[in-house]
Structure formats: structure tokens, C-alpha cells
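Trainee: My questions concern the predicted model and sequence given below.
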Amino acid sequence: MFKRVASLGLVLVLILFVVSAGFAVIKGLEKGKQSLIKVGESITIPEGAEIRSAVAIGGSVTVYGQVLEDVVAVGGSVYLKDSAVVGGDVVAVGGKIMKEPGAITKGDLVEVSVGGLTPLLVFFTKGGILRGVALFWLLNVIGFLVLAAILVALFTPQLGRISACLERDLLGNFFVGMLIALLFVPVIFFLIFTLIGIILIPLIVAILGAGWVLGYVGASHLLGKKILHAFRVYGKSMMVETLTGIILLCLVGLIPLGGTLLKIIVALCGLGAVYWTRFGTAL
């Protein structure tokens with residue numbers, strides 16, 4: 001009887017955490033200036049306008065006004081006019097950053113060139129299974145770099161809190177993340193046999209998946225920062241530190257078994273930090 005009650009208690013605790021964490025993120029996003037996100041369209045920020053961040057996927061970003069945090073264009077260029085003020089980083093994936101003399105940027109200018117990708121794709125697709133696997137890995141790396149850049153642009157404070165939590169207690173965060181991962185399957189199995197549980201399963205899976213990704217990116221930021229500091233490179237933005245960490249983890253992931261295990265450990269540490277910080281909304 002005690003075991004059944006204890007199991008039910010653990011299930012309820014995990015459900016309450018996941019749901020409350022999801023609402024905490026939504027509440028955190030309601031605060032502050034508006035962010036602009038467009039897919040397949042370009043973004044123009046007029047002079048006198050002030051927004052939090054701007055992300056265009058499949059389009060360009062033209063800034064005349066003020067952006068408090070980051071500007072990201074994936075598959076397009078960023079145009080910073082004389083009156084533009086950007087408080088964070090400016091990132092162009094597959095495009096250029098065109099900055100006029102009067103434009104002010106307080107972060108880094110990051111151009112990720114994919115101009116040589118087309119011949120690379122042709123090379124990989126003509127090489128059978130081995131090259132096909134290499135192509136799959138390459139596309140995954142590029143896709144995750146783009147995703148990380150977008151997350152850093154939109155969730156800079158949250159990722160900063162997650163990274164700081166990891167730096168304070170790495171081992172403790174790992175054990176919490178491992179506990180959440182171990183509880184996941186029993187919780188889902190339990191919910192299958194309840195009416196309300198079937199409704200909650202997609203929500204729990206989505207929020208836990210989001211926590212896994214956010215935690216991994218937060219852990220990548222900490223790793224990238226430590227690596228840059230080890231080479232006496234200081235003062236870089238969160239964008240540069242995070243992308244450095246992710247590239248390093250992608251390369252380490254090529255090591256058979258050990259690389260994959262290390263990436264799982266990093267993700268579990270990040271998941272634990274997401275738990276303690278409620279998706280980066282609390283210290």
C-alpha cells in the first residue's frame with residue numbers, strides 16, 4: 001500500500017512540475033517588450049520602434065529602430081541602417097550582415113556561411129551509405145546551430161539562469177535530471193490508464209522535450225564559455241559561447257559510445273537545471 005501511495009505521489013509531483021514549469025515559461029514570455037518571429041517573410045523594424053528581439057527564418061531583417069537583444073536571420077541577411085541600435089548580437093545564417101556607419105551594435109556580429117554547402121551535398125549524396133550518414137550528421141549540426149541561435153536570441157535571460165545554475169552545482173543538477181528521465185516512462189505508463197492522463201500525455205511530452213533542448217543549449221553555453229576562458233578568450237557574447245559549446249559537443253559526439261554518453265550526461269545536467277530554475281524563470 002505504501003509503495004502504491006509513494007508511486008502515485010511521485011507521478012503527481014512530476015506532473016505538477018511539468019505543467020507549472022510550462023505556465024512559468026508562458027508567464028515569463030509575457031513580460032517585457034515584444035519579440036518578432038516570422039517564417040518565410042522578411043522583417044522591417046521602423047525608425048522609432050523598440051522591440052525585444054527579431055528572428056526571421058527564410059527572410060531578411062532590416063533595422064531602422066531599436067532592438068534590445070538579438071537579431072537573427074536564417075536564410076537571409078541583416079541590414080542595419082544608420083538609425084539602428086541593437087543591444088545584443090546580430091546573426092546571419094546563410095546571409096550577410098550589412099551595417100551602415102551610424103548603426104550601433106553592442107554585441108557580436110556573427111555570419112554563418114553556407115555558401116559551400118551545395119557542392120558538399122552533391123559530394124555526400126553520391127557516396128553511398130557512409131557519405132549518407134555523414135550528410136545526415138552535417139544537416140543535424142547545421143539545424144541545431146540554427147535552433148540554438150534562435151533560442152539564445154529569444155531566451156537570453158532564461159538560458160543565462162540555467163547556465164548559472166549548472167555552474168553552481170553540476171553534480172546535483174545531473175542527479176535531478178537523471179531522476180526526471182527515469183520517472184518519465186513510469187509516469188507515461190501510469191497516465192495511459194487514466195482518462196485525464198491521456199489528455200495530459202502530449203503536454204507532458206512536449207514540455208519535457210522543450211526542457212531537454214533548453215537544458216542542452218544552456219549546458220552548451222557553460223561549456224563554450226569554459227572552453228573560451230581556457231584559451232584566454234574573454235568577454236564574448238552568449239551567442240558565441242553557446243555556438244562554440246554546441247560545435248564542440250557535435251565533434252565529441254563522433255566518438256563511438258563515449259561521445260554519445262557524454263552528450264546524454266550534458267543533456268541530463270541541463271534538464272536538472274531547467275527543473276531548479278523553472279525553465280530559467282527563477283534563480
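Mentor: Structure's in. What do you need?

Trainee: May I see the buried residues of stretch 137-152?
Mentor: 141-142, 144-146, 148-152 (16 or more other C-beta atoms under 10 Å). For glycine as for every other residue, the C-beta is placed from the backbone atoms N, C-alpha and C.

Trainee: Do a quick rundown of the strands in the stretch 151-283 of the chain.
Mentor: In the stretch 151-283 of the chain, no strands are defined using DSSP state E, counting those that start in this stretch.

Trainee: Where do the helices of it begin and end?
Mentor: 156-168, 170-192, 195-230, 238-252, 258-277 (DSSP state H, counting those that start in this stretch).

Trainee: Those: which one's closest to residue 111?
Mentor: helix 238-252 (11.9 Å; C-beta to C-beta).

Trainee: Just the CA trace of the closest one, in PDB.
Mentor: C-alpha atoms of helix 238-252 as PDB (Å, rounded to 0.1, in the frame of the first residue of the first chain):
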ATOM      1  CA  MET A 238      26.300  34.300 -25.000                       C
ATOM      2  CA  MET A 239      25.600  33.600 -28.700                       C
ATOM      3  CA  VAL A 240      29.300  33.000 -29.500                       C
ATOM      4  CA  GLU A 241      29.900  30.900 -26.300                       C
ATOM      5  CA  THR A 242      26.800  28.800 -26.900                       C
ATOM      6  CA  LEU A 243      27.600  28.000 -30.600                       C
ATOM      7  CA  THR A 244      31.200  27.200 -29.500                       C
ATOM      8  CA  GLY A 245      29.900  24.700 -27.000                       C
ATOM      9  CA  ILE A 246      27.500  23.100 -29.400                       C
ATOM     10  CA  ILE A 247      30.100  22.700 -32.100                       C
ATOM     11  CA  LEU A 248      32.400  21.100 -29.600                       C
ATOM     12  CA  LEU A 249      29.700  18.700 -28.400                       C
ATOM     13  CA  CYS A 250      28.900  17.700 -32.000                       C
ATOM     14  CA  LEU A 251      32.500  16.900 -32.600                       C
ATOM     15  CA  VAL A 252      32.800  14.900 -29.400                       C
END
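
Trainee: Summarise which helices and strands that helix is packed against.
Mentor: strand 109-112, helix 128-154, helix 156-168, helix 195-230, helix 258-277 (3 or more C-beta pairs under 8 Å, 6 or more residues apart in numbering; DSSP states H and E).
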